[in-house]
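**Student:** Sequence below, structure please.
(chains A, B, C and D)
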Protein chains: 2
Amino acid sequence: MERCDQEEESVSANSRLTIAAHALAWIGHYQRLGHEVATSEQIASSANTNPVVIRRLLGDLRRAGLVESRRGAGAGWSLARELESITLLEVYEAVETGPLFAMHRAAPDQGCVVGHGIQPAMQGIYDGIEGTLRRELSGVTLENVLRDVLAVPR
Amino acid sequence: MERCDQEEESVSANSRLTIAAHALAWIGHYQRLGHEVATSEQIASSANTNPVVIRRLLGDLRRAGLVESRRGAGAGWSLARELESITLLEVYEAVETGPLFAMHRAAPDQGCVVGHGIQPAMQGIYDGIEGTLRRELSGVTLENVLRDVLAVPR
DNA sequence: GGCTGTCGCAACATTAATGGTTACGACAGA
DNA sequence: TCTGTCGTAACCATTAATGTTGCGACAGCC
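**Tutor:** Have a look, this model is predicted:
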């Protein structure tokens, strides 16, 4: 598979949510063209990555009940649910692991008033932010995503 | 410096915002007790980390105009502004680098309709989410944080 | 029954961010 | 001059994400 190098400054964050949305939109679009299943090879070609990466990601989505896979001849992936019913929140929860912001690696000094109170204080703030993030993500369906994708001018 | 291992499942995300808030709250609280400056050694002891890590982080905050440092004898760190006027958004922008969610590492296949439209589509969604995140962060001041910290029961 | 294409998964390499550690010069007050 | 602390470079360790290869499992088809 050819690598199409593009000079990006310094990609740090994880692109798992982006690639997962790409894969779901691709499968949904492909099925609307009349095809039964999509292969990891086809999706990887569109996303410019390795088929195994796609299979790993789709494996997470299958565990979440969003897609199904068939083995044997004529194998491939298909949606387990309609694009309209899948939200970015479900995709996010299927592919993202930890919290947005982490606490200290080692517990702060509990003998210090600041060290003692900082984790509960920040946790309360972070919980509120993650709740807002989830509300935002739950307001976007994969149908919305595919519509936006197809609306981009060539 | 002793390492106080605490069994966390799998800390992945970055704790830079947490540590920065800890440091600012510590300096602010210390100054209210009548002290002029705080040393990276003291802050590191409270946060249970290395003084150099604190100096690096406070260096970012100084570049953002949130703290000042003094050198020579009686050296240390002090707030450049009141805790009430510093928001978590300013701290976030001072210490966090990239976007919350990243795009593909290599550009997707532009010859595919999905590959062509996926990045603009997701970017629009991500921009909205980051805007919401920033609004949330801008609504919390370091004064709020310190108050929450001191309100935690012993 | 064998052939074929694809998934499932393990194993390993690569890259990048983060954090921990040591070292040492610069600085400024006592 | 002495001392304590900052400023910063250099290096190592750890972790997550990603890329890659290999191969067995599976199921339809000939």
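
**Student:** Just give me the neighbour total for the nearest residue to residue A:25 once chain neighbours are set aside.
**Tutor:** Using CB to CB, 6 or more residues apart in numbering or on different chains and skipping the chain neighbours, the partner closest in space to residue A:25 is residue A:146 (4.6 Å). For glycine as for every other residue, the C-beta is placed from the backbone atoms N, C-alpha and C. Residue A:146 has 24 neighbours, counted by other CB atoms under 10 Å in any protein chain shown.

**Student:** phi, psi of residue A:146?
**Tutor:** Per-residue torsions, residue A:146: phi -60, psi -40 (degrees, to the nearest 10).

**Student:** longest single helix anywhere in chain A?
**Tutor:** Assignment by DSSP state H gives helix A:113-138 as the longest helix of chain A.

**Student:** Taking the centroid of chain A, which residue is nearest it?
**Tutor:** When CA atoms, centre = their mean is applied to chain A, the residue found nearest the centroid is residue A:17 (2.3 Å).

**Student:** do the helix or strand containing it and DNA strand D meet at all?
**Tutor:** Residue A:17 belongs to helix A:16-32 when assigned by DSSP states H and E. Yes. Interface with DNA strand D: helix A:16-32 contributes A:16, A:19 (CB under 7 Å from any atom of the strand).

**Student:** other SSEs contacting that helix?
**Tutor:** On a contact count with 3 or more CB pairs under 8 Å, 6 or more residues apart in numbering or on different chains; DSSP states H and E, helix A:16-32 meets helix A:40-47, helix A:51-63, strand A:76-79, helix A:88-95, helix A:142-151, helix B:113-138.

**Student:** Is the last one positioned near DNA strand D?
**Tutor:** No. Using CB under 7 Å from any atom of the strand, helix B:113-138 stays clear of DNA strand D, coming no nearer than 13.1 Å.

**Student:** Close to DNA strand D: what parts of chain A are there?
**Tutor:** A:1, A:3, A:14-16, A:19, A:49-50, A:52-53, A:71-75, A:96-97.

**Student:** of the residues you listed, list those near DNA strand C.
**Tutor:** A:52, A:71, A:72, A:73, A:75.

**Student:** Check the third one and give its pLDDT.
**Tutor:** If I follow you right, that is residue A:72. At residue A:72, the pLDDT value in this model is 87.

**Student:** ok, now how distant is residue A:137 from residue A:128?
**Tutor:** Note on residue A:137: its distance to residue A:128, by CB to CB, to the nearest Å, is 15 Å.

**Student:** low pLDDT regions in chain A?
**Tutor:** A:1-13 (pLDDT under 70).

**Student:** Quick check: the residue of it nearest DNA strand D.
**Tutor:** residue A:72 (1.6 Å; CB to the nearest atom of the strand).

**Student:** That residue should be in a strand, yeah?
**Tutor:** No. Residue A:72 is assigned coil when assessed by DSSP: H, G, I helix; E, B strand; the rest coil, not a strand.

**Student:** hang on, residue A:143 packs against residue A:81?
**Tutor:** No. Using CB atoms under 8 Å, residue A:143 is not in contact with residue A:81, being 11.0 Å away.
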